[in-house]
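Student: Fold the following, please.
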Amino acid sequence: MTTTPNGRLYIGSSVNMDHRWGRYKRLDCKAQPAIYRSLKKYGVDAHEFSILQECSKDDLLVREQMFMDFYKPELNVAKVAACPPS
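Tutor: Numbering: from 1, shown residues only. Here you go, the predicted structure:
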């Protein structure tokens, strides 16, 4: 989960969190326009990045959807969890 300076949320999943966070730091996330704009506007260091739960790869999308349904993150363009990015 990523929390922006204005309190908006983004929920994502990954099988390699270091790689995923590295992509955000490099602003290599244009396919996720809302989080990309937030990172660009406020800077990466202004965002809080946290792991909500670790799980098996098989459960990844189920857990991502569960957290999306619970938190209703404003920065997720897609409202249904899809193939996890790296």
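Student: for residue 77, what are its contacts?
Tutor: For residue 77, the contact set (C-beta atoms under 8 Å, 6 or more residues apart in numbering) comprises 32-34. The C-beta positions use only the backbone N, C-alpha and C, and glycine is treated the same way.
Student: Repeat that for residue 75.
Tutor: 2, 4, 8-10, 32, 34-35, 38.
Student: For the protein, give me the ranges with low pLDDT.
Tutor: Within the chain, the stretches with pLDDT under 70 are 83-86.
Student: For the residue nearest the centre of it, which three-state class applies?
Tutor: In the chain, the residue lying closest to the centroid (C-alpha atoms, centre = their mean) is residue 12, at 3.4 Å. Under DSSP: H, G, I helix; E, B strand; the rest coil, residue 12 falls in the coil class.
Student: what does residue 69 give?
Tutor: helix.
Student: where exactly do the helices run in the chain?
Tutor: 17-25, 33-42, 60-71 (DSSP state H).
Student: Pull the distance from the last one to the chain's centre.
Tutor: When you say that, I think you mean helix 60-71. Chain-centre distance of helix 60-71: 11 Å, with C-alpha atoms, centre = their mean, to the nearest Å.
Student: For it, list every residue counted as buried.
Tutor: For helix 60-71, the neighbour count (16 or more other C-beta atoms under 10 Å) marks 60-61, 63-65, 67-68 as buried.
Student: For residue 74, state which of those is nearest.
Tutor: residue 68 (11.1 Å; C-beta to C-beta).
Student: quick one: the closest residue to that closest one other than its chain neighbours and residue 43, what's the gap?
Tutor: Take residue 68 and drop its neighbours on the chain: the residue closest to it by C-beta to C-beta, 6 or more residues apart in numbering is residue 11, 4.9 Å away. Separation of residue 11 from residue 43 (C-beta to C-beta, to the nearest Å) stands at 21 Å.
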